[in-house]
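Enquirer: prediction below, plus the sequence it came from.
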4 protein chains.
Amino acid sequence: MKVGIIGATGYGGADLLRLLWQHPEAEEIITYTSSKQDLHIHESYPHLTAMYEQKLEELDAQKIASEVDIVFLATPPGVSSELTALLAQYGAQVIDLSGDLRLEDPDTYTAWYKRPSASSNLLNQAVYGLSEWNQAQIKEADIIANPGCYPTAILLGLAPLIKEGLIDPNSIIIDAKSGTSGAGRTPSLMTHFSEMNENFKAYQVNTHKHIPEIEQVLKSWNDKAGAITFQPHLVPMVRGIMATMYGVSIKPTSEAELRGLYEETYKESRFVRIRPAGSYPATKEVYGSNFCDIGIGYDERTNRITVISVIDNVVKGASGQAIQNWNIMNGWDEATGLNVVPTYP
Amino acid sequence: MKVGIIGATGYGGADLLRLLWQHPEAEEIITYTSSKQDLHIHESYPHLTAMYEQKLEELDAQKIASEVDIVFLATPPGVSSELTALLAQYGAQVIDLSGDLRLEDPDTYTAWYKRPSASSNLLNQAVYGLSEWNQAQIKEADIIANPGCYPTAILLGLAPLIKEGLIDPNSIIIDAKSGTSGAGRTPSLMTHFSEMNENFKAYQVNTHKHIPEIEQVLKSWNDKAGAITFQPHLVPMVRGIMATMYGVSIKPTSEAELRGLYEETYKESRFVRIRPAGSYPATKEVYGSNFCDIGIGYDERTNRITVISVIDNVVKGASGQAIQNWNIMNGWDEATGLNVVPTYP
Amino acid sequence: MKVGIIGATGYGGADLLRLLWQHPEAEEIITYTSSKQDLHIHESYPHLTAMYEQKLEELDAQKIASEVDIVFLATPPGVSSELTALLAQYGAQVIDLSGDLRLEDPDTYTAWYKRPSASSNLLNQAVYGLSEWNQAQIKEADIIANPGCYPTAILLGLAPLIKEGLIDPNSIIIDAKSGTSGAGRTPSLMTHFSEMNENFKAYQVNTHKHIPEIEQVLKSWNDKAGAITFQPHLVPMVRGIMATMYGVSIKPTSEAELRGLYEETYKESRFVRIRPAGSYPATKEVYGSNFCDIGIGYDERTNRITVISVIDNVVKGASGQAIQNWNIMNGWDEATGLNVVPTYP
Amino acid sequence: MKVGIIGATGYGGADLLRLLWQHPEAEEIITYTSSKQDLHIHESYPHLTAMYEQKLEELDAQKIASEVDIVFLATPPGVSSELTALLAQYGAQVIDLSGDLRLEDPDTYTAWYKRPSASSNLLNQAVYGLSEWNQAQIKEADIIANPGCYPTAILLGLAPLIKEGLIDPNSIIIDAKSGTSGAGRTPSLMTHFSEMNENFKAYQVNTHKHIPEIEQVLKSWNDKAGAITFQPHLVPMVRGIMATMYGVSIKPTSEAELRGLYEETYKESRFVRIRPAGSYPATKEVYGSNFCDIGIGYDERTNRITVISVIDNVVKGASGQAIQNWNIMNGWDEATGLNVVPTYP
């Protein structure tokens, strides 16, 4: 198949190029840009030298739709809502890595993103691409809203408890930590090396855009679910997200019982790995891979459950899950092109 | 005054040497060791070259008590319980940086530390040296149990809410993050550079020894306080602790109101800095200093309060607070020798 | 084919497992150990969970030779000299990642490694596996001495100049920088995170074991070559080596001319990438891949040439080159299983 | 005395604020700005909260000269040449941390800095503030050109060899490594955390502006000195410079003999520490302090000398040496306000 990437000079786009290089169904890859036309991609990313030598092509929705079978959109907020509508109109399939198509309610989007929403029509067409849970819908979709990085780690970690009603959904507190790649490639004071190294920062206290995305899915799984507390932090590392999640168990339980539930839930999921007793995942253990590793704790003293979920934010939180969704859409093995061992150490 | 340090080859001891260098009351500093006698301290720590050139002296409690006015113990768990008793018997004042004398109840110590406790008699003599809150007792004490690094950041952050009864004490969840220096200088796989860089780890899920220490103090402040959830993590940095703390407000409130309370509470505290609206502290902003910086958030959607507290774990979490306590014991300005600007960037 | 790995719990071994996972000719992989028998490999390396689930097998040379077609030895210094002799005797092919078989002269080995050398007979059998330059011999070899990490970066960088006689071989100064993974997985004070982060260290001044290895090859290429200066340093990062090399040009030249020579020399080499004018490689641009990227500078003021060569020390400096050699030995495309894009950022 | 700082929002200026906080002669500190008037300094640098609360004042040379006794200029290239002339005209003493006044020859400045030079008159007035070597002139100066960070580490390291004529000055190769703080606080792709962490980069091959500064001083010490090779690199850390320097000994010698020379040379220098046999300095061992630590190696095989010199680039390479010069200008102990132990780990 022919693949188009819009936004290949961002980190999500660059990682799509890395993973698609090994994907047996990606026959040709064309990169498009709105602003950097004629730039050779390896001028922006020397690590791609001798692999991707092509120039960035002009962004023309009709032309793109005629040239490729699938378009990955790895663009900043606000671009996708318009572009996807056009691409869809010309018949292209779209997997959108931005947040523009994830929230079903336009008003919620506007309230949290502080910008106009995509049309309700487009939002209705888009399927939320949480690969492990929405396979049936993804298979039928033409437009995928690829989940955010934090929501991916969090939702995979909470799903068994929420779906089984084992946790009080209104007790959930999510303390999340991310590497800096999630902030993108545009330099800023916050992610300036001299400011970020030997430093640990909290940011966007109670205001992160991923909050309504998480709440929307939890609500769809369990209608008792309401507002959550979600607090992101920035870690002096590049790749990786850990979500440490706390909630009150609806009844006394045990780690073994909970772990059993998780193992059963994810026994067919190639990319979710449940840790054995006493073992908790670290972010580096999924580095560069599409895995989500999960550890479970239970404290009898407080009757609280702790779930620790890690992903590589650039892969399972963006490019890797996008490719997983592309695989599902086409009926291929969901691990096609993604069957790589994490790079460790 | 003459100062003795036992355990100067650990990070806590080395930082005492750094800070005491500038302390006008530290006339002479003698370093003692149980195992590395005759080692020059700068052989172990070249950064001390031309500043501290002396040898480590033999550890003999009676001799120490006769030579120095104050002994700082920066020793591994289990050493202090015996040594402090001896030193006290020979008349020395002791500031103990280990965890041996912090828990009032010997059984609790044994349950969490998995080793025999110090004698009840010794535990009764020891005053918990949380400088900002126990000044009166510290002033009268001969033996100080210097608080743990996590408890210091956490207790300073929670005190105003707990003491005023503004937070449900049984709703408290503490997600804490530390640099690796808290793990000490002994090499281990967990803190091996190749394992720790570009990595973020959770550890000791529901089992960290600082849990009973935190609970003991919270209980002493508010008898409704019970079991807390405290989860520590390791950050790929050396110095710094952040505690992100969550709890349910007993009534609807606002950030402004809460911030006002914190500013009022700590208005006389030289080392506690409350951040203005919209600003939250990062660990590097207290690097190398004795400050504890605190930011406050409130979420109307969940009625939860978020408190973010940072310290340099080696300073306010160990050596710096120890010196602050020494100052208080002697009636000196509590900031004597500690009035340093954080090293930034 | 069936593949055996001895020393799979070290970083070189772990990276072999990562790369062989994608190698179409590696049908089965058996891991052997001298000391950790019955350990599941993912207990030591959780990142391998769900991929490698087998136990480590007992190390018995005869059994190994009967079970597998090729043995990769990723063992500490001193192990290989004996083990390879045994494995060869029982008919196994061996690729040795240690330094035991690299030096042709036993006395030189003993002088630099401070231990007994392998037998001259074994040393004569071993072919030095610098893939880009020794293809013909590698193709015929049964025993490969896989080059050291520093020598790989350095020799690929110097080869065109030395072979063409364009640089005074006695003017060569090599200033090299490595990530900590080159020091292995055994914890030490030098590579303790708290000691290594925010730090840059020189080590083994004029005494590094790779010096005679580099000199031996340079001499084989140009008999005027003698003693070099090689100084390694440790960088606060995990993967990556940069060698910055300086030498006096035998005649006035230009960057363009020199770059032309490099491009010509390596035009058939899949894994050597020459940077265009004004561009110099950074270590991260080869992260996780088998590439060696080279940049060239020339200073008219001093008539000195600067060559900057980077590799991922764990891949091209160990596991990747080992697999490249295995490919060459078998007449497969040398990039089989190694055709991966560097992980960036 | 009253102290003025122009450029306090840069890292050099911020570190001046840190160090002057403890300087007994700095009675009042006024910060000036050309562009950020009325900003509170702690809004830009929260770590200064409760210490420096003042606003940045308007930059008016005449007013400044009337308000303060000394002006530290920590401004970008090109600002100082004009500003210093004005300040001097109004009678202020100036210590300039930029490179504008360091090169005696205006044409050399223009050739390397690609901008107009300061007037010859101003250049003649300025004294090069390499504290350890130019004390007599500094004592008489009204304008100090504070040395660059690299030149400081390099010149202190080479001085004994060059002055004694023990090294061939035309054989000198300097391979230098710096933390990112030397690149300043303005965000850039090169120093973006995601690009810089787990990365090691060379930059400005044969074109760095510190080359003529180093050559000028070497030439003043030994008229046989000519062009050097100087290659800077960027390390994934914030503070610290290491210069590894290589040169041919004019005669066979020994490490002991060389070390004796260094110890003798610097025996009165408070801030230069010579390492004992077998010990080489790491950058962290001078972190936050004004020390320059030096280790010496000699290789009989090549007759080359290796000198390894480390400083904290922000302190001895900028703010610390500036204060040291201020001390010397006033006849105070040169260590006044600078007598601090490095922060380790």
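Expert: That came through fine.
Enquirer: residue A:23 falls within a strand, correct?
Expert: No - counting by DSSP: H, G, I helix; E, B strand; the rest coil, residue A:23 is located in no strand; its state is coil.
Enquirer: pLDDT score assigned to it?
Expert: At residue A:23, the pLDDT value in this model is 98.
Enquirer: and for residue A:67?
Expert: For residue A:67, the predicted pLDDT is 96.
Enquirer: same check on residue A:199?
Expert: With respect to pLDDT, residue A:199 scores 98.
Enquirer: excluding chain neighbours, give the residue nearest to it in space.
Expert: Nearest residue to residue A:199, sequence neighbours excluded (C-beta to C-beta, 6 or more residues apart in numbering or on different chains): residue B:284, at 3.8 Å. C-betas here are computed from N, CA, C, even on glycine.
Enquirer: and the one you found, what does it touch?
Expert: A:195, A:198-200, B:240, B:342, B:344-345, D:47 (C-beta atoms under 8 Å, 6 or more residues apart in numbering or on different chains).
Enquirer: 10 Å - rerun?
Expert: Residues near residue B:284 by C-beta atoms under 10 Å, 6 or more residues apart in numbering or on different chains: A:194-201, A:236, B:237, B:239-240, B:310, B:312, B:342-345, D:46-47, D:238.
Enquirer: quick check: it vs residue D:64, distance?
Expert: Taking C-beta to C-beta, to the nearest Å as the measure, residue B:284 and residue D:64 are separated by 31 Å.
Enquirer: about what we covered before: can you tell me which of the contacts of residue B:284 are in helices?
Expert: A:194-196 (DSSP state H).
Enquirer: any of the residues you listed buried? List them.
Expert: Those of those that meet the buried threshold are A:194-196, by 16 or more other C-beta atoms under 10 Å in any protein chain shown.
Enquirer: circling back to that earlier point, intersect the ones in helices among the contacts of residue B:284 with the contacts of chain D.
Expert: Intersecting those with the contacts of chain D gives A:194-196 (criterion: C-beta under 10 Å from any C-beta of the partner chain).
Enquirer: which among these gets closest to residue D:279?
Expert: Checking those against residue D:279 with C-beta to C-beta, the nearest one is residue A:194 at 28.9 Å.
Enquirer: quick one: contacts for whichever residue of the stretch 51-200 of chain A sits closest to chain D?
Expert: Nearest residue of the stretch 51-200 of chain A to chain D: residue A:187, at 3.6 Å (C-beta to the nearest C-beta). The neighbourhood of residue A:187, defined by C-beta under 10 Å, 6+ apart, consists of A:193, D:186-195.
Enquirer: ranges for the strands of the stretch 201-345 of chain A?
Expert: Here the stretch 201-345 of chain A has its strands, by DSSP state E, counting those that start in this stretch, at A:201-202, A:229-234, A:241-248, A:272-274, A:292-299, A:304-311.
Enquirer: does the last one reach chain B?
Expert: Spelled out, that is strand A:304-311. Yes - residues of strand A:304-311 contacting chain B under C-beta under 10 Å from any C-beta: A:304, A:306, A:308, A:310.
Enquirer: next, the angle from that strand to strand A:292-299.
Expert: 170 degrees (axes from the mean of the first three to the mean of the last three C-alpha atoms, to 10 degrees).
Enquirer: give the buried residues for stretch A:338-345.
Expert: A:338, A:340-345.
Enquirer: please see if it touches chain D.
Expert: No - Stretch A:338-345 lies out of reach of chain D by C-beta under 10 Å from any C-beta, never closer than 10.8 Å.
Enquirer: how far away from the center of its chain is that stretch?
Expert: Remark: stretch A:338-345 is offset 18 Å from the chain centroid, using C-alpha atoms, centre = their mean, to the nearest Å.
Enquirer: what of stretch A:167-185?
Expert: For stretch A:167-185, the distance to the chain centre is 12 Å (C-alpha atoms, centre = their mean).
Enquirer: from chain B, how far off is the closest residue in space to residue A:120 that isn't next to it in sequence?
Expert: For residue A:120, ignoring the flanking residues on the chain, the nearest one in space by C-beta to C-beta, 6+ apart is residue A:106 at 6.0 Å. Using C-beta to the nearest C-beta, to the nearest Å, one obtains 20 Å as the distance from residue A:106 to chain B.
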